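>>> Take this sequence and fold it.
(2 chains)
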Amino acid sequence: MDEVANKIIGILKKNMKDPPETVSLDTKLSELEIESLDLAVIVFDIEDTFGIQIPYNANEEVQDFATVGSVVERVRSLVGEKGAAGAAA
Amino acid sequence: MTGANGARRVVITGQGVVSSIGTGVGSFWASMRQGVCGVGPITNIPLQDLYITIASEVKDFDPRERCPSKPLMLADRYSQFAGAAAIEAMTQAGFQGRVENGERAASIIGSGIGGLITIEKGYEDLFILRKKATHPLTLLRSIGSSAAAHVSIEYGIKGPCFGTVSACSTAAHAIGLAYQMVRAGMVDLGVAGASEACITFGSMRSWQAMRVLSPDGCWPFAKRRNGTVLGEGAGILVLEEWEHAKARGAKPLAELMGFGMTSDAADMVNPDIEGPTVAMQLALKDAGLAPADIDYINAHGTATTVNDINETRAIRRVFGNAANTVSVSSTKSMHGHCLGAGGGVEAVACLQAMQDNFVPPTIGFDEPGAECDLDYTPNEGRAREVTYTMSNSFAFGGLNAVLVFGPPPA
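You can find the predicted model right below:
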């Protein structure tokens, strides 16, 4: 796993009371007992770590947050967009 | 005179409101009847980098006009709202200037957060602008009991005076406490409710961070609902022992008949079905009414996914078959979520529904959301005999407070 994935898994574990030994890209967020408020905290932490903004509304089901891997992918693309915007500027 | 259970009866002799859809009960109710939406682009603060850019702001509130005394005029916006609503309520009740027997009167006016505009301005001055001093009134404007104190000073209320704090149940708790004090004989008169004015950059950012705000509107119980919308305002009632009101020749608008409060003791954000259920049951029992007696429920109805389903289930559990015939609406669709002040503003909606025999609507309703299967009075208000009403307030932390109103005693 690359640095982005490792950082995100670190953030997830940090915000869980009893994090499991292994969290993989296939792990579903629901299996980690992450609820809406936890997710708001985790999204904040990810935004802060990567300097990005992630659109997320706790009232809506978001596919991007189904598995750890889907979060990593979303963050990777947002980091990429930010880099591209930075290069353009 | 006492009720069937030997307790003193408590009537409402005045009401006052400040809201995005009207300051003063007359304009507030006219807007509600027409289903006016008070939600719109935020104009009172610079948006900076906010991505939620709507709220239900009170417009055209001129403190010089609404707050005749100098202390109120110089107070925080939240105290000004409370003062304006209290003045309207006390004027309607027939009080001018200091009340007689001030020791027998209470001022219980809460706020979810107090003088947040003042606090934020103070920090900006100190930490951003590096000013040498904060405004000398910063402390007095900030404290969450200042609205209650201002109203006590305006009217010479010398008995119990404090604010309640219970997030979105603040006003209902304040009204409920004043009700119990009047009923118990501790006081004869109570000015009670709550006020909120916290649409600030910092507050918007903290709500935004919780990811519960809608980017485009407050549509409780509707399929398209996607979060709540912050509002501001105040709702204040004058509660009075019935004999006391009669002796003054005051005309009761309604009777406050029941109050129930519970705490979920479960989760800070996810509501439990038990807490709201029992709060409604306690309020009905206190009022000596059966669920089928209630004609209209002003729901908490925040337009978050979780609240609206949980509240619907709780109403079904309490009301049984009567849930199919009771009129329900969330007037937050019009005035937004006034947070601590919500239960006060919504109590006024209940009283007006009874006065006018008219149920205010839930506007912006496209179609019922999943598991939202009550009659939410979609989009248009409805004429209906309204004799008894219930006002629900359910707050973060699982703090539940329910009020039941009935007609004035004969």
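>>> only C-alpha atoms for contact and neighbour calcs from this point on.
Noted.
>>> Show me where the chain has its helices.
Just so you know, I chose chain A. Ranges of helices within chain A are A:3-14, A:36-50, A:68-88, based on DSSP state H.
>>> look at chain B instead
B:25-34, B:63-66, B:70-73, B:77-93, B:116-123, B:138-142, B:146-155, B:170-184, B:201-210, B:242-248, B:274-287, B:305-319, B:332-335, B:342-356.
>>> Who are the packing partners of the longest one?
Counting by 3 or more CA pairs under 8 Å, 6 or more residues apart in numbering or on different chains; DSSP states H and E, the packing neighbours recorded for helix B:77-93 are strand B:10-19, helix B:63-66, helix B:70-73, helix B:146-155, strand B:189-196, strand B:233-241.
>>> Tabulate the ones you listed in a markdown table, adding columns for distance to chain A.
Conversion of these to a markdown table gives the following (distance: least, CA to the nearest CA, whole Å):
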| stretch | distance to chain A |
| --- | --- |
| strand B:10-19 | 26 |
| helix B:63-66 | 36 |
| helix B:70-73 | 38 |
| helix B:146-155 | 32 |
| strand B:189-196 | 24 |
| strand B:233-241 | 25 |
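>>> Determine which stretch of these is the most buried.
Per residue and on average, the most neighbours among these fall to strand B:189-196, with a mean of 35 (mean count of other CA atoms under 10 Å in any protein chain shown).
>>> Which residue, other than its chain neighbours, is closest to whatever residue of chain A ends up closest to chain B?
Nearest to chain B, among the residues of chain A, is A:Asn57, at 4.9 Å (CA to the nearest CA). Among residues not flanking A:Asn57 along the chain, B:Arg211 sits closest, at 4.9 Å (CA to CA, 6 or more residues apart in numbering or on different chains).
>>> With B:Gly369 instead?
Nearest to B:Gly369 is B:Lys223, by CA to CA, 6+ apart, at 3.6 Å.
>>> could you check the distance from that neighbour over to chain A?
Distance, B:Lys223 to chain A, by CA to the nearest CA, to the nearest Å: 11 Å.
>>> how about that residue, what does it touch?
Shown in contact with B:Lys223 (CA atoms under 8 Å, 6 or more residues apart in numbering or on different chains): B:365-370.
>>> Just give me the neighbour total for residue 7.
Since you didn't name a chain, this refers to chain A. As a burial measure, A:Lys7 scores 16 neighbours (other CA atoms under 10 Å in any protein chain shown).
>>> should've been chain B
If you count neighbours by other CA under 10 Å, B:Ala7 ends up with 14.
>>> B:Gln48 now?
Residues within reach of B:Gln48, counting by other CA under 10 Å, total 8.
>>> Same check on the one 5 residues further on?
Burial of B:Thr53 is recorded as 19 neighbouring residues (other CA under 10 Å).
>>> quick one: low-confidence ranges for the chain?
Just so you know, I chose chain A. Filtered on pLDDT under 70, chain A yields the residue ranges A:86-89.
>>> To clarify, I was referring to chain B.
Across chain B (using pLDDT under 70), the flagged ranges come out as B:1-5.
>>> Which single residue of it ends up nearest chain A?
At 4.9 Å from chain A, B:Arg211 is the closest residue in chain B, using CA to the nearest CA.
>>> show me what contacts that residue?
Contact partners of B:Arg211, counting by CA under 8 Å, 6+ apart, are A:40, A:56-59.
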